[in-house]
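Engineer: Predicted coordinates and the sequence they were generated for:
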Amino acid sequence: MTDVVARHSTALAHGTDTPARIRILPGGAGANVACWAARRGQGSVRLLARVGRDQADWHTEHLRAAGVHSLLVTDDTAPTATVIALVDATAERTFLTDSGTALRISPADWSPSLLDGVAHLHLSGYLLFADASRRLAGLARTSARAHGTPVSVDPASTGFIRTLGVERMLSLLDGVDVLVPNADEARLLTGLTDPAEAAAALSRRVPLTVVTLGREGALVAESGSVTARVRAPAVRAVDTTGAGDAFTGAFLAARLSGADPATAAEEGCRAGSEAVKLVGGRPAPPAGSRSGRSPQPMPPHAG
């Protein structure tokens, strides 16, 4: 996705102008996770995603600079997905989302050979909220189980979960090995107000569940019990966009390097704390990278 991040220090003034600092940056939950995993990990990271012809080269360049091997399917019929992130004075973000090509990814874009040499498959929960991408996610998960490859999911969005339905969302987690919700998503999925109780309940369905708590750190739950509470480093946040993605990418990379769940969660918290000090959802690009230039102008949406 292409992120338009608008940071405003005053309340939005309805019907008129509100001063803001605006940047156009590469984003997308799955892509952000891949970039943080590539930064924290020692192996290769591949990203399967769908992108509009309008910005394919720009996104490919950013992923390459981040060390991610991109498997981007170019779409000639729809523009690249775009999100407007409204970030207030507390660094909290609110999203306006146009899924564009992102959720047009489909089973036709999948091949079991994509898992050759892969030690872990991570699925962005956003894939579960549209028919074509949901079928792709199901096929990928089935392929992973046949390969003996563990699968993780982040639930992605309380708003989209409510639209899909909690019970249906839970049914789509069958066969998943690792779940990484934030506290609000964990509460919604369980109906429990206490994040620790929600984490424990979810880990009865998904054996390893890690609930992120923002500045409070994270909870690790395994097979029905909370096994660790991890604190996050204290930092001054400027933008919370992508903090959960940073946690997930670093957590998975640490697990693949042999870390136990609690130690991996500590790595995730460090990455999340680093992410909130940056504008946008990605790690800072390497020194000398050319990937900071703006994308080509986005065409108007039809319809």
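Structural biologist: Structure received.
Engineer: So, low pLDDT: which residues of the stretch 101-250 of the chain?
Structural biologist: Per-residue confidence for the stretch 101-250 of the chain (pLDDT under 70) gives no ranges below the cut-off.
Engineer: ranges for the helices of it?
Structural biologist: When assigned using DSSP state H, counting those that start in this stretch, the helices of the stretch 101-250 of the chain occupy the ranges 131-147, 158-164, 166-171, 183-190, 195-202, 243-256.
Engineer: contacts for the fourth one?
Structural biologist: Contact partners of helix 183-190, identified using C-beta atoms under 8 Å, 6 or more residues apart in numbering, comprise 155-158, 161-162, 166, 169-170, 181, 192-193, 195, 197-199, 201-202, 209, 211-214. For glycine as for every other residue, the C-beta is placed from the backbone atoms N, C-alpha and C.
Engineer: For His69, list the residues it contacts.
Structural biologist: 44-47, 63.
Engineer: what's the helix or strand for the nearest residue to Leu278 once chain neighbours are set aside?
Structural biologist: Closest residue to Leu278 in three dimensions, ignoring its sequence neighbours and counting by C-beta to C-beta, 6 or more residues apart in numbering: Ala284, at 6.1 Å. Element membership of Ala284, judged by DSSP states H and E, is empty: it is in no helix or strand.
Engineer: For Ala284, the count of nearby residues, please.
Structural biologist: Here the number of neighbours of Ala284 (other C-beta atoms under 10 Å) works out to 15.
Engineer: Can you give me the pLDDT of it?
Structural biologist: In the predicted model, Ala284 carries a pLDDT score of 83.
Engineer: And it, how far from Cys35?
Structural biologist: Taken as C-beta to C-beta, to the nearest Å, the spacing of Ala284 relative to Cys35 amounts to 10 Å.
Engineer: tell me what the helix or strand hosting Arg270 is packed against?
Structural biologist: For Arg270, the element it lies in under DSSP H and E is helix 261-275. Under the contact criterion of 3 or more C-beta pairs under 8 Å, 6 or more residues apart in numbering; DSSP states H and E, helix 261-275 touches helix 29-40, strand 208-212, strand 218-222, strand 225-230, helix 243-256.
Engineer: Off-centre distance for the helix or strand hosting Arg50?
Structural biologist: When secondary structure is defined by DSSP H and E, Arg50 falls within strand 45-52. Relative to the centre of its chain, strand 45-52 is centred 13 Å away, using C-alpha atoms, centre = their mean, to the nearest Å.
Engineer: What of stretch 18-38?
Structural biologist: The gap between where stretch 18-38 is centred and where its chain is centred comes out at 10 Å by C-alpha atoms, centre = their mean.
Engineer: if I look at Ser44, how far off is Ser124?
Structural biologist: For Ser44, the distance to Ser124 equals 19 Å [C-beta to C-beta].
Engineer: More neighbours: these two, which one.
Structural biologist: Ser124 (24 against 12).
Engineer: does that one have beta-bridge partners, and which?
Structural biologist: When bridges are assigned using DSSP bridges, the partners listed for Ser124 are Asp154.
Engineer: Next one, pLDDT for Leu12 please.
Structural biologist: We have a pLDDT of 89 for Leu12.
Engineer: How many residues are close by it?
Structural biologist: Using other C-beta under 10 Å as the criterion, Leu12 is surrounded by 13 other residues.
Engineer: burial count for Val226?
Structural biologist: With neighbours defined by other C-beta under 10 Å, the count for Val226 comes to 17.
Engineer: go on, the one 5 residues further on?
Structural biologist: Taking other C-beta under 10 Å as the criterion, the count of residues near Arg231 is 12.
Engineer: Hmm, Gly268 and it touching each other?
Structural biologist: No - with the criterion set as C-beta atoms under 8 Å, Arg231 and Gly268 do not qualify as a contacting pair; they are 11.9 Å apart.
Engineer: if we can go back for a sec, would a markdown table of the helices and strands packed on helix 261-275 with distance to Ala11 be doable?
Structural biologist: As requested, these are arranged in a markdown table below (distance: least, C-beta to C-beta, whole Å):
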| stretch | distance to Ala11 |
| --- | --- |
| helix 29-40 | 27 |
| strand 208-212 | 27 |
| strand 218-222 | 31 |
| strand 225-230 | 34 |
| helix 243-256 | 23 |
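Engineer: Since that was my last question, I'll sign off now.
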